[in-house]
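> output the structure for:
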Amino acid sequence: MATTTLGPKTSRIDIRMSDEQKRQIEEAAALNGLSVSQWSLGQLLASAREQIIASNVVHLSTEAFDEFARLLDEPVDPTFAELLSEEPAWEE
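Okay, the predicted model is just below:
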């Protein structure tokens with residue numbers, strides 16, 4: 001499991017756990033030929049990426065998606081069309 005280094009490693013996370021939890025983590029790290037720090041960081045980053053991606057994805061039922069697609073195919077409201085034709089305030 002690759003981890004990306006974006007700069008010097010200057011931050012730490014301290015985690016309290018039971019002896020059994022630590023033993024399991026050490027075993028998993030050893031099975032992968034990694035230090036506990038390497039294995040833990042890889043697992044934490046993978047989980048963080050999954051949660052970040054999941055928080056940015058919208059899941060729709062088939063019916064909701066069909067309604068969304070139908071609305072996209074409808075003509076644009078004239079007020080909105082007028083707004084789109086104007087130059088954005090940040091480009092003035």
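> what is the helix ranked longest in the chain packed up against?
Counting residues, the longest helix in the chain under DSSP state H turns out to be helix 36-55. With contacts taken as 3 or more C-beta pairs under 8 Å, 6 or more residues apart in numbering; DSSP states H and E, helix 36-55 sits against helix 19-31. Quick note: C-beta positions are derived from backbone N, CA and C, even for glycine.
> same question for the helix it packs on, mean pLDDT?
Rounded to a whole number, the mean pLDDT of helix 19-31 is 98.
> for it, the distance to its chain's centre please.
Centroid displacement of helix 19-31 relative to its chain, using C-alpha atoms, centre = their mean, to the nearest Å, is 26 Å.
> helices and strands around the helix or strand harbouring D66, which ones?
Here D66 is covered by helix 62-73, with elements defined by DSSP states H and E. Helices and strands touching helix 62-73, by 3+ C-beta pairs under 8 Å, 6+ apart: there are none.
> what sits up against that helix?
Counting contacts by C-beta atoms under 8 Å, 6 or more residues apart in numbering, the residues outside helix 62-73 that touch it are L60.
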